[in-house]
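>>> Give me coordinates for this.
(one chain, ligands or ions: 2)
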Amino acid sequence: MGTNDNFILAIESSCDETSASVIVDGKVLNNIVATQSVHEKYGGVVPELASRAHQENLIPVVQEAVLSAGITLDQLSAVAFTRGPGLMGSLLVGVSFAKALAFARNIPLIEVNHMQAHILAHFIDDPKPNFPFICLTVSGGHTQLVLVKDFLDMEVIGETQDDAVGEAFDKTAKLLGLPYPGGPLIDKYAKDGNPKAFKFPVTRMAGLNYSFSGIKTAVLYFLRDQLKENPKFIEENLEDLCASIQWTLIEMLQIKLKEAVKRYGVKEVAIAGGVSANSGLRNTLNELAITKGWNLYIPKFEYCTDNAGMIAMAAHYKYLAREFSTYDVTPLAKMKI
Ligand code: KG4
Ligand code: ZN
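Ligands and ions are numbered 1, 2, ... in the order given. Next up, the predicted model:
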């Protein structure tokens, strides 16, 4: 690495992962993530506990990122952070830290939109999508269809009007008695189940929007009725239940994705966010890519879940565009792309 290289430290603290990454001239050197296990027993992320854990984890995570990059803080060219969207208390920890560090070192501060960053994670490794492409971002907090015209030029063309798809996985898993986060467990049991065993409603919203709150209620009432007849209904049918729930969620995702691709005439298709780990979704999208002639891009799992590597990648493009923030910048719990 030369002495004129640009080093950016990036921080992510929007939800329940505390993460730091160092990027040099567009190459992500590391991606340190501290996952908060404190939420497991509550069946979901507890905002106050998340903020406290960020407060505890942030400095060690930053130290590890800086150390493993083999640099010192005085070599930093800029400090980047997630401004939003996310949990206010969680964001505040990262924003305050980044502001203090940038101010102390008198270097630029770069705010990053978390949703843009999920998409820019596709530029960390090869193969990289070509512009314009359509990205389906699916996670515990978000479900969006985005038309990506350039690194910093994106348009949301569809999104959930209520729950995120990961939330639908986790909430239905909870109804089945599975621990949080239930998404990966539904995936696991679904592999041995029949996706057509039970029928749950496929909600169709107007345009390219999604709605995932209906399935939770449908599963709740269905289980309530079945359990009255047979108290062992869930354990006797767990695989089929998981496969049927997963099939319904994937069906909803793919209907709008296909519609978006058709509407915009784009064959470059990408997927981002934690739910892109789902093997059923991957299989469905891989098959669609073959039959429809799409070029499909799925980042490494490490860059699908919340991580600072993606924040660093976004910060790199903002650094090149000289898009800096002022020191009075505040977090935004709701922030549009
Ligand atoms: O991107 P992420 O780590 O965090 C958020 O920004 O929300 O996504 C976490 C979500 C959770 O809802 C989790 O259940 C879901 O991703 N998830 C999965 C799988 N792996 C993670 N859902 C279904 N199948 C999986 N294999
Ligand atoms: Zn996220």
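>>> Name the residues of this protein found near ligand 2, please.
S139, D306 (C-beta under 5 Å from the ion). The C-beta positions use only the backbone N, C-alpha and C, and glycine is treated the same way.
>>> what about the strands in the chain?
Taking DSSP state E as the test, the strands found in the chain are 7-12, 17-24, 27-28, 32-35, 78-84, 109-113, 133-138, 143-150, 153-159, 268-272, 295-297.
>>> how about the residues of this structure near ligand 1?
Counting by C-beta under 6 Å from any ligand atom, the residues of the chain close to ligand 1 are 15, 139-141, 166, 169-170, 181, 183-184, 186-187, 273-275, 277-278, 305-306.
>>> Cross those against helices and list the overlap.
G166, F169, D170, G183, P184, I186, D187 (DSSP state H).
>>> The strands of the chain into JSON lines, with extra columns for mean pLDDT and mean neighbour count?
Conversion of these to JSON lines gives the following (pLDDT from 0 to 100; neighbours: other C-beta atoms under 10 Å):
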{"stretch": "strand 7-12", "mean pLDDT": "98", "mean neighbour count": "28"}
{"stretch": "strand 17-24", "mean pLDDT": "96", "mean neighbour count": "27"}
{"stretch": "strand 27-28", "mean pLDDT": "96", "mean neighbour count": "19"}
{"stretch": "strand 32-35", "mean pLDDT": "92", "mean neighbour count": "18"}
{"stretch": "strand 78-84", "mean pLDDT": "98", "mean neighbour count": "26"}
{"stretch": "strand 109-113", "mean pLDDT": "98", "mean neighbour count": "25"}
{"stretch": "strand 133-138", "mean pLDDT": "98", "mean neighbour count": "27"}
{"stretch": "strand 143-150", "mean pLDDT": "98", "mean neighbour count": "21"}
{"stretch": "strand 153-159", "mean pLDDT": "98", "mean neighbour count": "17"}
{"stretch": "strand 268-272", "mean pLDDT": "97", "mean neighbour count": "24"}
{"stretch": "strand 295-297", "mean pLDDT": "98", "mean neighbour count": "17"}
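>>> Make TSV out of those strands and add distance to I311.
Formatted as TSV, the strands of the chain follow (distance: least, C-beta to C-beta, whole Å):
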stretch	distance to I311
strand 7-12	4
strand 17-24	7
strand 27-28	10
strand 32-35	12
strand 78-84	6
strand 109-113	5
strand 133-138	15
strand 143-150	17
strand 153-159	16
strand 268-272	13
strand 295-297	19
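>>> Quick check: the gap between the closest residue to ligand 1 within the stretch 1-150 of the chain and V269.
Nearest to ligand 1 in the stretch 1-150 of the chain, going by C-beta to the nearest ligand atom, is G140, at a distance of 2.7 Å. Here G140 is placed at a distance of 22 Å from V269 (C-beta to C-beta, to the nearest Å).
>>> Could you do G141 as well?
Per C-beta to C-beta, G141 is found 22 Å from V269.
>>> Report back the residue of the chain that's furthest from centre.
Here the centre of the chain is the reference, and by C-alpha atoms, centre = their mean the most remote residue is E229, at 39.3 Å.
>>> out of the residues of the chain next to ligand 1, which are buried?
15, 139-141, 166, 169-170, 181, 183-184, 186-187, 273-275, 277-278, 305-306 (16 or more other C-beta atoms under 10 Å).
>>> OK, now which residue of the stretch 101-250 of the chain is nearest to ligand 2?
Nearest residue of the stretch 101-250 of the chain to ligand 2: S139, at 4.7 Å (C-beta to the ion).
>>> Cool, thanks, talk later.
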